[in-house]
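J.: Sequence and computational prediction follow.
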Amino acid sequence: MTTCGDGRLTCDEETIDTIRERVLSDVSARAPFDAVTGNEDRVSDGAVSGDARATKTDREVAVSVTSLSKRFGDGADAVTAVDDVSFDAETGSIVGLLGPNGAGKTTLIKSVLGMVLPDEGTVEIRGIDVYDRPREAYTHVDAMLEGARNDYWRLTVRENLRYFATISGVDPDSVRDRHDRLLAQLGLAEKADVPVRDLSRGMKQKVSLASVLAGGATVVFLDEPTLGLDIESSRTLQRELRRLVEEEDLTVILSSHDMDVVETVCDRVLIMSAGKIIADDTVDSLLRETGLHCVQITSTDLDAQIVSTLRGQFDTFSANAREAGYQIEVTTDSDGLYALLALLRTSDVTLGRVRTVEPDLEDVFVDLTAGDRTPGER
Ligand SMILES: Nc1ncnc2c1ncn2[C@@H]1O[C@H](COP(=O)(O)OP(=O)(O)OP(=O)(O)O)[C@@H](O)[C@H]1O
């Protein structure tokens with residue numbers, strides 16, 4: 001068995017049967033895991049008790065990151081991937097992490113998970129410093145990185161859940177109820193005894209999510225959880241993730257390039273740019289306070305040259321050719337709106353149909369991160 005890039009255990013085909021035997025039949029093999037974690041929060045019926053479950057009214061902080069910085073390399077080649085980042089994630093919430101390529105999201109998540117050692121800063125999970133007391137802090141944590149998890153395709157869905165419960169230090173028999181509940185919540189109950197290799201992509205993704213939750217983690221990091229899913233499967237997973245957070249009082253940090261996913265499921269959004277957090281607010285507030293206007297203008301006077309000029313001036317711009325002219329959509333602030341109208345007027349464009357459209361998270365994101373360069377390019 002070896003450790004793969006995301007820190008998870010993986011194994012070759014020959015060891016599958018050994019795992020199956022060990023996980024499914026040898027009860028004594030499970031005892032050392034409990035002894036290792038010494039996890040007193042877990043109770044025998046599979047629920048998590050005591051301080052591991054906070055009621056919604058408590059709203060305790062599940063993850064607290066303070067002044068975290070991580071620099072790669074030295075001298076002129078140095079890259080500050082995470083630059084003095086602080087944020088809190090409350091219990092029972094989904095916090096979205098957005099940012100352009102190279103913004104520092106992965107480095108931030110890996111630093112919080114202890115997979116990358118930061119240069120400065122502290123991380124606490126449920127009040128426990130992860131660098132001082134890692135084993136205790138990470139008892140509550142699990143992660144799905146890069147849109148997938150190393151589920152074992154020759155094992156059935158339920159066998160995978162039992163396996164991942166075991167390696168996270170939980171007696172799989174003690175969490176059987178939780179596994180039943182997860183399978184039902186994710187629409188996998190009928191597939192419980194089917195080998196994962198025989199499932200569709202969407203189902204496999206759900207098994208990945210169920211595996212992350214199989215051991216009773218209450219703080220979960222999901223990186224691109226809907227990667228590669230069709231729209232329907234993605235929506236189902238989003239709906240079920242939301243339901244799980246509410247029913248199980250989970251805390252989820254979700255990183256994704258899919259704005260619709262973040263807008264739909266997240267209570268709060270952190271936007272990173274060049275290693276820093278440049279926005280930390282609810283989706284509603286970000287949309288309300290953006291100061292952006294999104295206008296759709298259709299005119300037979302719009303031609304390719306004007307469209308090209310506009311495209312060069314506005315970061316959030318789209319154009320669709322019509323039988324005659326174009327329909328353009330521009331998202332901009334008040335000054336940009338005046339500039340747009342002035343340009344159309346000087347170009348002798350008669351406004352045909354004008355509609356205002358609510359800006360969405362993608363518009364806000366592009367507006368806030370416009371001109372962002374990776375830290376290495378600064
Ligand atoms: N191990 C490393 N060594 C050197 N530089 C690194 C390393 N890991 C990340 N970086 C650099 O740190 C910066 C942030 O990278 P990171 O992968 O954290 O960004 P990201 O927001 O996750 O990007 P993406 O959306 O493309 O996955 C980038 O400039 C990247 O090249």
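T.: Looks like it arrived, so ask away. Numbering: from 1, shown residues only.
J.: Quick one: residues contacting the nearest residue to Leu337 once chain neighbours are set aside.
T.: Among residues not flanking Leu337 along the chain, His293 sits closest, at 5.3 Å (CB to CB, 6 or more residues apart in numbering). Backbone N, C-alpha and C define where each C-beta goes, glycine included. Counting by CB atoms under 8 Å, 6 or more residues apart in numbering, His293 makes contact with Thr331, Thr332, Asp333, Ser334, Leu337, Thr356, Pro359.
J.: Mind listing the residues bridging to His293?
T.: Residues in a beta bridge with His293, per DSSP bridges, are Thr332.
J.: what residue ranges in the stretch 251-378 of the chain score low on pLDDT?
T.: Applying pLDDT under 70 to the stretch 251-378 of the chain flags the ranges 371-378.
J.: Kindly report the residues of the stretch 101-250 of the chain close to the ligand.
T.: Proximity of the stretch 101-250 of the chain to the ligand (CB under 6 Å from any ligand atom) is limited to residues Asn101, Gly102, Ala103, Gly104, Lys105, Thr106, Thr107.
J.: Pull up the per-residue confidence for the fifth one.
T.: Translated: Lys105. According to the prediction, Lys105 has pLDDT 92.
J.: just checking, it touches Ile271?
T.: No. Counting by CB atoms under 8 Å, Lys105 sits too far from Ile271 to count as a contact (10.0 Å).
J.: Quickly list what's touching both of these two.
T.: Shared between the contact lists of Lys105 and Ile271 (criterion: CB under 8 Å, 6+ apart) are residues Leu98, Gly99.
J.: hey, where'd the strands end up in the stretch 251-378 of the chain?
T.: Ranges of strands in the stretch 251-378 of the chain, per DSSP state E, counting those that start in this stretch, are 251-255, 268-273, 276-282, 293-299, 316-321, 326-332, 353-357.
J.: among those strands, which is nearest the ligand?
T.: strand 268-273 (6.4 Å; CB to the nearest ligand atom).
J.: For that closest one, name the packing helices and strands.
T.: strand 79-90, strand 94-98, strand 276-282, helix 283-288, helix 361-369 (3 or more CB pairs under 8 Å, 6 or more residues apart in numbering; DSSP states H and E).
J.: so that strand versus strand 94-98, what angle?
T.: 20 degrees (axes from the mean of the first three to the mean of the last three CA atoms, to 10 degrees).
J.: could you pull out the helices for the stretch 51-200 of the chain?
T.: Counting by DSSP state H, counting those that start in this stretch, the stretch 51-200 of the chain has helices at residues 105-112, 134-138, 157-167, 176-185.
J.: Mind checking those helices for the one nearest to Val261?
T.: Of all these, helix 105-112 sits nearest to Val261, with 14.2 Å by CB to CB.
J.: What lies in contact with the longest helix along the chain?
T.: Counting residues, the longest helix found in the chain (DSSP state H) is helix 231-248. With contact meaning CB under 8 Å, 6+ apart, helix 231-248 is reached by 92-94, 182, 185-187, 200-202, 205-206, 209, 213, 218, 222, 225-226, 229, 250-252, 258, 261, 264-265.
J.: How about stretch 331-348?
T.: For stretch 331-348, the external contacting residues (CB under 8 Å, 6+ apart) are 291-295, 297, 299, 301, 306, 309-310, 313-314, 316-317, 330, 351, 359, 363, 366-367.
J.: Could you list the buried residues of that stretch?
T.: Thr331, Thr332, Gly336, Leu337, Ala339, Leu340, Leu344 (16 or more other CB atoms under 10 Å).
J.: and what of stretch 197-204?
T.: Applying 16+ other CB under 10 Å to stretch 197-204 flags Leu199, Gly202, Met203, Lys204 as buried.
J.: just stretch 213-228 next, same as before
T.: 213-227.
J.: Dump it to PDB, restricted to CA.
T.: Only the C-alpha atoms of stretch 213-228 are listed here, as PDB (Å, rounded to 0.1, in the frame of the first residue of the first chain):
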ATOM      1  CA  LEU A 213     -18.400  11.100   5.300                       C
ATOM      2  CA  ALA A 214     -18.300   7.400   6.100                       C
ATOM      3  CA  GLY A 215     -16.100   7.800   9.200                       C
ATOM      4  CA  GLY A 216     -18.100  10.500  10.800                       C
ATOM      5  CA  ALA A 217     -16.100  13.500   9.800                       C
ATOM      6  CA  THR A 218     -17.800  16.800  10.700                       C
ATOM      7  CA  VAL A 219     -15.500  19.100   8.800                       C
ATOM      8  CA  VAL A 220     -15.100  18.200   5.200                       C
ATOM      9  CA  PHE A 221     -13.000  19.700   2.400                       C
ATOM     10  CA  LEU A 222     -14.300  19.200  -1.100                       C
ATOM     11  CA  ASP A 223     -12.300  20.200  -4.100                       C
ATOM     12  CA  GLU A 224     -14.300  20.300  -7.400                       C
ATOM     13  CA  PRO A 225     -16.900  17.800  -6.100                       C
ATOM     14  CA  THR A 226     -19.000  18.100  -9.300                       C
ATOM     15  CA  LEU A 227     -16.000  17.800 -11.700                       C
ATOM     16  CA  GLY A 228     -17.000  16.000 -14.900                       C
END
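J.: quick one: it to chain centroid distance?
T.: On the basis of CA atoms, centre = their mean, to the nearest Å, stretch 213-228 sits 8 Å off its chain's mean C-alpha point.
J.: Give the rounded mean pLDDT of that stretch.
T.: For stretch 213-228, mean pLDDT rounds to 86.
J.: Also stretch 112-126?
T.: On average, stretch 112-126 scores 93.
J.: Now do it: everything it contacts.
T.: Residues outside stretch 112-126 that contact it (CB under 8 Å, 6+ apart) are 6-7, 51-52, 60-71, 82, 84-86, 107, 110-111, 129-131, 134, 137-138, 140-141, 143, 218-219, 221, 253.
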